[in-house]
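K.L.:
sequence and predicted structure, then a few things I'm wondering about:
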Amino acid sequence: MSRSRQPPLVTGISPNEGISWTKVTIRGENLGTGPTDLIGLTICGHNCLLTAEWMSASKIVCRVGQAKNDMGDIIVTTKSGGRGTSTVSFKLLKPEKIGILDQSAVWVDEMNYYDMRTDRNKGIPPLSLRPANPLGIEIDKGRFPQKDLEALFPGMSADFTSENFSAAWYLIENHSTTSFDQLKMAVMNLKKQANKKNEGSLAYVKGGLSTFFEAQDALSAIHQKLEADGTEKVEGSMTQKLENVLNRASNTADTLFQEVLGRKDKADSTRNALNVLQRFKFLFNLPLNIERNIQKGDYDVVINDYEKAKSLFGKTEVQVFKKYYAEVETRIEALRERLLDKLLETPSTLHDQKRYIRYLSDLHASGDPAWQCIGAQHKWILQLMHNCKESYIKEQKGNSLLHSPMLDLDSDVHPSPIGHLNQTASLKRGNSFQSSRDDNWRCKAPQQVAFVEKLTKLVVSQLPNFWKLWISYVNGSLFSETAEKSGQMERAKKNARQRQNDFKKMIQEVMQSLAKLIRGALLPFSLREGELKQYGGWEMKSGLSGQWLTHVIQTVRLSYESLTALEIPNDMLHIIQDLILDLRVCCIMVTLKHTAEDVKRLAEKEDWVVDNEGLTSLPSQFEQCIVHSLQSLKSVLDCKPGEASVFIDCLEQLSTKPDGDVDTTHLSVDVSSPDLFGSIHEDSSLSSEQRLLIVLSNCCYLERHTFINIAEHFEKHNFQGVEKITQISMESLKELDQRLFEIYIELKADPIVGSLEPGIYAGYFDWKDCLVPTGVRNYLKEALVNIIAVHAEVFTISKELVPRVLSRIVEVVAEELSRLMQCVSSFSENGALQARLEICALRDAVAIYLTPESKSSFKQALEALPQLLSGADKKLLEELLNKFKSTMHLQLTCFQASSAVMKT
């Protein structure tokens with residue numbers, strides 16, 4: 001609420017005295033904030049508001065009315081300050097008396113003068129006017145200030161005809177320098193005048209006694225003559241003659257005064273006309289003043305004048321007043337139409353809308369201008385939104401015809417996160433990776449994104465004023481005090497309560513249009529066919545990337561926060577929340593789809609350069625791709641107030657499960673790449689077996705480290721179903737790993753196994769007929785050498801794969817050896833000793849890689865042989881085994897080193 005103003009204070013008036021209808025200028029402080037604020041003005045107790053002209057807060061011009069008091073204060077009353085005070089006063093002078101023989105433009109009624117102090121009931125003849133100098137001595141005006149005399153004699157007057165006559169004031173004002181002797185003479189004059197008055201009517205009769213006698217004699221003679229004549233009133237009689245004489249005398253008298261009486265009637269008419277014009281000049285000048293003030297835009301003055309005229313002449317029966325008031329009503333009706341047109345104009349500010357609504361309410365406009373304005377603003381906002389869409393669609397079609405496709409975030413040639421990796425920095429596995437993606441290649445935002453920014457900016461800029469206009473309409477702040485007093489505010493509040501549902505539909509229509517226009521640009525599949533014609537129309541060459549969708553989500557979220565700040569009910573904004581949720585889901589799916597495509601293209605990035613751990617850059621690139629994707633989705637996954645959680649139920653597209661038509665035995669894409677990790681091998685002609693080992697090493701690392709790290713990142717970003725995602729990915733990875741492993745074992749074990757049987761029976765060897773064993777035969781040594789070669793190949797690629805590969809190869813060799821032994825029908829003593837020597841030699845050589853399966857195979861092979869019964873055979877077997885180990889010590893050293901590695 002505004003601070004109340006100080007009460008008005010009058011500090012000066014010019015002139016400070018005068019007769020009625022004198023034009024005066026009043027000066028002071030806090031004399032009102034405008035013409036409408038001035039509600040009262042009295043001078044000497046007379047209401048002068050009708051003639052008042054408010055000039056400023058320190059100046060008012062008006063005319064003095066016919067006051068009862070000859071001196072009084074100037075009181076100003078305003079709405080903002082109330083009743084004021086005055087430090088000065090105005091002296092009302094009586095008009096100069098006009099004698100009966102003086103010329104005058106108006107008729108002056110003859111009147112009796114009364115001595116209000118001495119003899120109220122005794123009349124004084126008109127010819128004996130009171131002297132201007134009752135003391136009969138010379139008047140000497142003093143120099144005492146009038147204000148001092150008024151302060152010295154409050155409520156008194158120096159006019160000797162006044163009821164409040166003060167003799168002291170009169171003497172000070174007119175005889176301040178008169179000597180004492182002259183004052184004595186004045187007393188004597190007063191006594192003489194008093195003695196004359198005491199004689200009263202007796203002296204008046206004595207003075208005209210002779211006249212009375214003459215009149216008495218004349219009347220007596222006439223009476224006697226009439227009695228002597230004794231005739232009736234007949235023609236030529238004395239009575240008839242006397243009547244004729246009297247009539248002629250009367251006509252002559254009438255003729256003498258007819259001109260004077262005519263002038264009196266004419267003067268009365270002129271005076272009455274002047275009084276009417278002067279008194280009602282406000283009404284007569286009002287139509288012209290209304291036009292002038294309308295042209296100047298002073299609508300407040302027009303409304304104030306109209307209210308004043310309506311209160312004074314609204315129900316008049318005087319024809320001239322009715323005519324002029326009808327003209328005023330015509331001008332006011334034109335003003336109502338003009339203000340309504342301005343109110344419904346768009347665009348317009350909230351301040352202007354409130355101002356025009358207040359003007360129309362003060363002018364008692366028909367209908368409900370405030371609701372009309374709300375409806376017009378609603379239609380204008382909807383039209384702006386659709387015009388925005390049409391302009392961007394037109395621009396999009398124009399660009400597609402005039403320009404080639406621009407390079408932006410939606411093009412297929414945009415660099416993937418893999419292409420922006422730092423090729424020279426060594427990467428620390430097991431930690432998240434923050435990509436330094438370069439956005440300099442972005443030239444321009446897509447039309448759909450620019451449209452969403454423009455559309456949301458438009459709604460956020462227009463809807464607050466629309467909402468505030470409604471709030472002002474509901475609480476009645478659109479109306480002035482005049483409307484409040486007239487009950488118009490209460491009617492408006494009642495109308496607002498009845499139209500709450502209509503306004504709610506307006507807001508919902510704006511929100512629906514906003515959401516559907518954005519859906520038409522970004523999510524056309526979410527609209528019905530009929531809605532696509534109204535809200536769609538975009539050329540969808542390619543969908544937006546996840547980055548642009550993230551930008552759009554941020555824009556819509558900011559718009560939602562701005563609308564929420566207006567305290568718009570949540571049920572009206574629910575459609576925006578649904579839009580944000582759908583955009584978030586779409587953004588996540590698009591980002592994950594692009595990430596899956598990037599993951600599939602990682603095979604093209606494989607350079608087959610391994611580091612000390614037997615890994616290429618592929619696992620690291622895979623992890624970085626996933627982490628970058630999750631980081632780009634961080635703002636999308638975070639739930640703002642009022643938003644629902646996004647549930648991702650399936651991310652199998654991020655797993656490494658190959659398609660059914662992919663040949664996992666050939667990964668020979670030759671793509672050159674710099675040395676990422678300081679490799680120790682730069683052989684570009686790798687065999688398929690070596691590449692299989694590299695892939696197995698990468699798969700092992702993915703299972704042990706990469707997938708665990710990725711699962712932690714998913715949980716960190718509040719993804720749901722991480723366990724299922726990890727399980728599916730692990731199963732796919734293990735399936736791929738097992739297939740590749742079996743292929744590699746088949747490639748390496750088949751030649752070794754295939755060489756056993758031919759080697760055993762080389763040289764027509766026969767288990768039934770053979771010499772005493774002298775050592776392990778060459779076929780077994782050749783098999784061990786082949787196993788050692790596999791060990792060397794695997795050890796070169798990845799030390800961690802050695803136990804797994806060698807154990808499996810030993811199982812295959814042991815199984816084949818057991819089969820061959822079980823196929824022999826019978827052994828001689830020397831044959832059994834030879835077979836046991838070779839089986840034990842192989843078993844002891846690869847003892848570190850024995851598994852339950854291989855141990856079982858070796859056991860079955862030994863059980864197929866006859867038992868050694870003599871101690872000499874056992875001793876010979878031991879000696880030959882020691883000899884074998886001694887001669888093959890250098891070759892078998894690799895197995896011992898592997899043993900040390902496995903123990904650690």
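P.N.:
Right, received. Where do you want to start?
K.L.:
how close does the closest residue to A521 other than its chain neighbours sit to E395?
P.N.:
Distances taken as Cβ to Cβ, 6 or more residues apart in numbering put Q448 closest to A521, at 4.2 Å, once the chain neighbours are dropped. Every C-beta, even on glycine, is put in place using the N, C-alpha and C of the backbone. From Q448 over to E395 the distance is 11 Å, taken as Cβ to Cβ, to the nearest Å.
K.L.:
again with H351
P.N.:
For H351, the distance to E395 - Cβ to Cβ - is 34 Å.
K.L.:
these two - which one has more neighbours?
P.N.:
Set H351 next to E395 and count neighbours by other Cβ atoms under 10 Å: E395 wins out with 13 against 9.
K.L.:
hmm, Q447 and that one touching each other?
P.N.:
Yes. At 6.6 Å, E395 counts as touching Q447 under the criterion of Cβ atoms under 8 Å.
K.L.:
can you count the residues close to E17?
P.N.:
Counted with other Cβ under 10 Å, the neighbours of E17 add up to 16.
K.L.:
give me the pLDDT for it.
P.N.:
Looking at E17, its pLDDT stands at 89.
K.L.:
quick check: closest non-adjacent residue to it.
P.N.:
K91 (3.8 Å).
K.L.:
quick one: pLDDT of the one you found?
P.N.:
For K91, the model assigns a pLDDT of 89.
K.L.:
quick check: it touching N16?
P.N.:
Yes. Using Cβ under 8 Å, K91 is in contact with N16, at 6.5 Å.
K.L.:
mind listing the shared neighbours of the two?
P.N.:
By the contact definition Cβ atoms under 8 Å, 6 or more residues apart in numbering, K91 and N16 are jointly contacted by Q146.
K.L.:
the stretch 601-750 of the chain: helices as residue ranges?
P.N.:
Secondary structure of the stretch 601-750 of the chain (DSSP state H, counting those that start in this stretch): helices located at 618-632, 634-637, 688-701, 707-716, 722-760.
K.L.:
same thing with the stretch 51-200 of the chain?
P.N.:
Going by DSSP H, counting those that start in this stretch, the stretch 51-200 of the chain shows helices at 146-152, 167-174, 180-207.
K.L.:
what comes up buried for the shortest one?
P.N.:
It stands for helix 146-152. Of the residues in helix 146-152, L149, E150 count as buried by neighbour count, 16 or more other Cβ atoms under 10 Å.
K.L.:
swap in stretch 716-733?
P.N.:
So, applying 16+ other Cβ under 10 Å, buried residues of stretch 716-733: H717, F719, V722, I725, T726, I728, S729, M730, L733.
K.L.:
just stretch 30-50 next, same as before
P.N.:
For stretch 30-50, burial by neighbour count (16+ other Cβ under 10 Å) applies to 30-38, 40-44, 46, 48.
K.L.:
likewise stretch 296-312?
P.N.:
Here stretch 296-312 shows D298, Y299, D300, V301, V302, I303, N304, D305, Y306, E307, K308, A309 as buried, counting by 16+ other Cβ under 10 Å.
K.L.:
kindly format the C-alpha coordinates of it as CSV.
P.N.:
Provided in CSV are the C-alpha atoms of stretch 296-312 (Å, rounded to 0.1, in the frame of the first residue of the first chain):
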residue,chain,number,x,y,z
LYS,A,296,-4.1,14.8,-25.3
GLY,A,297,-4.7,11.4,-23.7
ASP,A,298,-5.9,12.9,-20.4
TYR,A,299,-8.5,10.2,-19.8
ASP,A,300,-8.4,10.7,-16.0
VAL,A,301,-9.6,14.3,-16.5
VAL,A,302,-12.3,13.1,-18.8
ILE,A,303,-13.6,10.5,-16.4
ASN,A,304,-13.5,12.9,-13.5
ASP,A,305,-15.5,15.5,-15.5
TYR,A,306,-18.0,12.9,-16.7
GLU,A,307,-18.6,11.7,-13.1
LYS,A,308,-19.2,15.2,-12.0
ALA,A,309,-21.6,16.0,-14.8
LYS,A,310,-23.4,12.7,-14.3
SER,A,311,-23.9,13.4,-10.6
LEU,A,312,-25.2,17.0,-11.3
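K.L.:
in this protein, what helix or strand scores lowest on average pLDDT?
P.N.:
The least trusted helix or strand in the chain, going by mean pLDDT, DSSP states H and E, turns out to be helix 481-485, with a mean of 59.
K.L.:
which is the next helix or strand following it?
P.N.:
Toward the C-terminus, helix 481-485 is succeeded by helix 488-498 as the next helix or strand (DSSP states H and E).
K.L.:
so how far is that next one off the chain centroid?
P.N.:
26 Å (Cα atoms, centre = their mean, to the nearest Å).
K.L.:
kindly report the same for stretch 301-309.
P.N.:
Worked out by Cα atoms, centre = their mean, stretch 301-309 lies 38 Å from the chain centre.
K.L.:
now stretch 558-569
P.N.:
The chain centroid and the centroid of stretch 558-569 are separated by 7 Å under Cα atoms, centre = their mean.
K.L.:
in it, which residues are buried?
P.N.:
For stretch 558-569, the neighbour count (16+ other Cβ under 10 Å) marks S559, Y560, S562, L563 as buried.
K.L.:
against T239, how distant is E333?
P.N.:
Counting by Cβ to Cβ - E333 and T239 are separated by 74 Å.
K.L.:
before we move on, back to that, S366: which of the buried residues of stretch 30-50 is nearest?
P.N.:
When the buried residues of stretch 30-50 are compared for distance to S366 (Cβ to Cβ), T36 wins out at 22.9 Å.
K.L.:
was I right about that closest one contacting N304?
P.N.:
Yes. Counting by Cβ under 8 Å, T36 does reach N304; the two are 4.3 Å apart.
K.L.:
quick check: mean pLDDT of stretch 827-840?
P.N.:
Summarised as a single mean, pLDDT over stretch 827-840 is 88.
K.L.:
over to stretch 767-781?
P.N.:
The predicted model gives stretch 767-781 an average pLDDT of 87.
K.L.:
what's the end-to-end length of it?
P.N.:
By Cα to Cα, to the nearest Å, the extent of stretch 767-781 from end to end equals 19 Å.
K.L.:
L517 and M506, how far apart?
P.N.:
For L517 relative to M506 (Cβ to Cβ), the value is 17 Å.
K.L.:
mean pLDDT and distance to D582 added to the helices of the stretch 601-750 of the chain, as CSV?
P.N.:
Shown next, in CSV, are the helices of the stretch 601-750 of the chain (pLDDT from 0 to 100; distance: least, Cβ to Cβ, whole Å):
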stretch, mean pLDDT, distance to D582
helix 618-632, 84, 19
helix 634-637, 76, 12
helix 688-701, 86, 38
helix 707-716, 83, 22
helix 722-760, 87, 23
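K.L.:
reformat those helices as TSV; add distance to L806.
P.N.:
What follows is those, written out as TSV (distance: least, Cβ to Cβ, whole Å):
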stretch	distance to L806
helix 618-632	24
helix 634-637	46
helix 688-701	13
helix 707-716	26
helix 722-760	10
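K.L.:
out of those helices, nearest to K883?
P.N.:
helix 722-760 (19.5 Å).
K.L.:
distance of M572 from N882?
P.N.:
Distance from M572 to N882, counting by Cβ to Cβ: 94 Å.
K.L.:
which one's more surrounded, these two?
P.N.:
Higher neighbour count among M572 and N882: M572, with 17 against 10, using other Cβ under 10 Å.
K.L.:
could you say which helix or strand contains that one?
P.N.:
Assigned by DSSP H and E, M572 falls within helix 570-600.
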